[in-house]
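Undergrad: Give me the fold of what follows.
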Amino acid sequence: MKEDANKYKPDWTPENAGEEFAVRVVKGTDKRGSVRQNNADKKNNSVDELIRGVLNNDRVLLAKTITLVESNARPHYEKAQQVLQQLLPSSGKSVRIGISGVPGAGKSTLIESLGMYLIGRGHKVAVLTVDPSSSLTKGSILGDKTRMEKLSREENCFIRPSPSGGTLGGVTRKSRETIIVCEAAGYDVILIETVGIGQNEITVRSMVDFFLLVQIAGAGDELQGMKKGVVEIADAIAINKADGDNIKKAELAKTELLNVMNYLKPVSAGWTPEVFTCSAQSGTGIKELWSTVEKFKVTTMSSGFFESRRNEQKIDWTMRMVENELLDNFYNNEIVKNNISAIKQKIKNGELLPTSAAESLLKLLKTTVH
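TA: Next comes the predicted model:
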């Protein structure tokens, strides 16, 4: 059968691969269904052009603005700060939802199902997905968008995959800035899918309003999440893949997790975390999930906790920016860079204790500061 002209295999497809090779590249279409050419403006847009583009939800300029924000180059940083400062008054009007869970829990499928439901109700959805960066090559696959094929075609959805860059917390170093940009573009629901869960992968809690933990039944992770400390920060737990023969297991897992939650102090004042079953594949429980988010927003806004948490998050953001700047200053310091290799070698040779080495490096930094 001849392949559709708008759908084709990428050039890295294995030779003679048949239909078992599932990946396809789908060209974007405009509202009329015609193929959209990749004629994005290649020029270096001005601050005013980027701001106008974001406020008008120009997809190309929105993506370029996020790329600018994610850059660590000093000239890009200064330009990004000018853009963000102008966009800030237009941000803050969304509900920010963090979604985490064990690999294989179906987070991407759940996000697609939830996103399609929300768009059907008139919302504009931005999905920020984070892929782990390789500790060896620093590269990322960034494959989440291909797992949300239906959602990525929606006019009222913007999906942005980004590499974690080695940042703990299942988010990127610039996730907060990206949220501001998407909110300024008019997206009223921001979904942040994290890398996964672990002892340090809870940073997303410090930048979202509502934190959803996605679990699956029968995989031994019902109480495993308790050990990892992630259950403690969840506003709701969704036990996904509750369909077919797995429904009974999901209901049992729900009962177990509800018992666990009784012993934990709620992370959001005035809100009792909810546990429910759902099936991202069939759409069962998606309506209930959004109802839970809406109820959470009403409850925490009426008590003042919603605004209080956001204010605390701004302080946390500030402190993390200070920490990042201090780290950058340390590793970019010329004296430190000139001596760090020799000090590392002394550590390897057993000539210098790590504690003494750290003290030596910090002294080098202090000499340049003074």
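
Undergrad: C-alpha from now on. contacts and neighbour counts both.
TA: Fine.

Undergrad: Could you pull out the strands in the stretch 151-300 of the chain for me?
TA: When assigned using DSSP state E, counting those that start in this stretch, the strands of the stretch 151-300 of the chain occupy the ranges 157-163, 189-193, 210-216, 236-240, 274-277.

Undergrad: Paired strands for the fourth one, with orientation please.
TA: Note on strand 236-240: by DSSP bridges, its sheet partners are strand 210-216 (parallel), strand 274-277 (parallel).

Undergrad: what's residue 207 in contact with, if anything?
TA: When the contact criterion is C-alpha atoms under 8 Å, 6 or more residues apart in numbering, the partners of residue 207 are 96, 176, 310, 313.

Undergrad: Could you tell me what pLDDT the model assigned to it?
TA: Note for residue 207: predicted pLDDT of 90.

Undergrad: The one 4 residues further on now?
TA: The model reports residue 211 with a pLDDT of 94.

Undergrad: dump the residue contacts of it.
TA: With contacts defined as C-alpha under 8 Å, 6+ apart, residue 211 is in contact with 97, 98, 99, 100, 205, 233, 234, 235, 236.

Undergrad: tell me which element the fourth one falls in.
TA: Looking back up the chat, that one is residue 100. For residue 100, the enclosing helix or strand under DSSP states H and E is strand 95-101.

Undergrad: quick one, that strand and strand 189-193 angle?
TA: With axes from the mean of the first three to the mean of the last three C-alpha atoms, to 10 degrees as the criterion, the two stretches strand 95-101 and strand 189-193 enclose an angle of 20 degrees.

Undergrad: Next, the contact list for the nearest residue to residue 306 once chain neighbours are set aside, please.
TA: Across the structure, with C-alpha to C-alpha, 6 or more residues apart in numbering as the measure, the residue nearest residue 306 apart from its sequence neighbours is residue 300 (4.9 Å). Contact analysis of residue 300 by C-alpha under 8 Å, 6+ apart lists 268, 269, 270, 271, 306.

Undergrad: and the host helix or strand of the last one, what does it pack onto?
TA: Mapping residue 306 onto the secondary structure by DSSP H and E places it in helix 305-332. Under the contact definition 3 or more C-alpha pairs under 8 Å, 6 or more residues apart in numbering; DSSP states H and E, helix 305-332 sits against helix 286-303.

Undergrad: Give me the angle between the helix it packs on and strand 95-101.
TA: Note on geometry: by the same axes, to 10 degrees, helix 286-303 and strand 95-101 are set 130 degrees apart in direction.

Undergrad: sorry, back to before: by neighbour count, which of the contacts of residue 207 wins?
TA: Per-residue neighbour counts (other C-alpha atoms under 10 Å) across those peak at residue 96, which has 21 neighbours.

Undergrad: Tell me which residues touch that one, please.
TA: 189, 190, 191, 192, 207, 208, 209, 210.

Undergrad: Dump those residues into JSON lines; add distance to residue 105 as well.
TA: Putting these into JSON lines (distance: C-alpha to C-alpha, whole Å) gives the following:
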{"residue": "189", "distance to residue 105": "22"}
{"residue": "190", "distance to residue 105": "20"}
{"residue": "191", "distance to residue 105": "16"}
{"residue": "192", "distance to residue 105": "15"}
{"residue": "207", "distance to residue 105": "22"}
{"residue": "208", "distance to residue 105": "21"}
{"residue": "209", "distance to residue 105": "22"}
{"residue": "210", "distance to residue 105": "19"}
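
Undergrad: Would you mind confirming that residue 250 makes contact with residue 214?
TA: No - the pair residue 250 and residue 214 fails to qualify as a contact (C-alpha atoms under 8 Å) at a distance of 11.9 Å.

Undergrad: between the two, what contacts are shared?
TA: 239, 240.

Undergrad: What number of residues are in the vicinity of residue 153?
TA: Residue 153 sits with 16 neighbouring residues when counted by other C-alpha under 10 Å.

Undergrad: Ramachandran coordinates for it?
TA: Main-chain dihedrals, residue 153, degrees, to the nearest 10: phi -90, psi -10.

Undergrad: Could you do residue 149 as well?
TA: Geometry field for residue 149 lists phi and psi as phi -60, psi -50, criterion degrees, to the nearest 10.

Undergrad: Starting from residue 324, give me the distance back to it.
TA: Residue 149 sits 35 Å away from residue 324 when distances are taken as C-alpha to C-alpha, to the nearest Å.

Undergrad: Residue 124 now?
TA: Per C-alpha to C-alpha, residue 124 is found 32 Å from residue 324.

Undergrad: One more: residue 339?
TA: 21 Å.

Undergrad: Sketch out the low-pLDDT regions of the stretch 101-250 of the chain for me.
TA: 131-147, 163-173, 195-201, 218-228 (pLDDT under 70).

Undergrad: where along it do the helices fall?
TA: In the stretch 101-250 of the chain, helices defined by DSSP state H, counting those that start in this stretch lie at 107-120, 149-152, 175-184, 224-228, 247-261, listed in chain order.

Undergrad: which other helices and strands contact the third one?
TA: Looking back up the chat, that one is helix 175-184. With contacts defined as 3+ C-alpha pairs under 8 Å, 6+ apart, helix 175-184 has these neighbours: helix 47-55, helix 59-70, helix 74-87, strand 189-193.

Undergrad: how's this structure carved up into domains?
TA: In terms of domains, the chain is parsed into 7-85, 91-303, 316-369 (source: automatic domain parsing).
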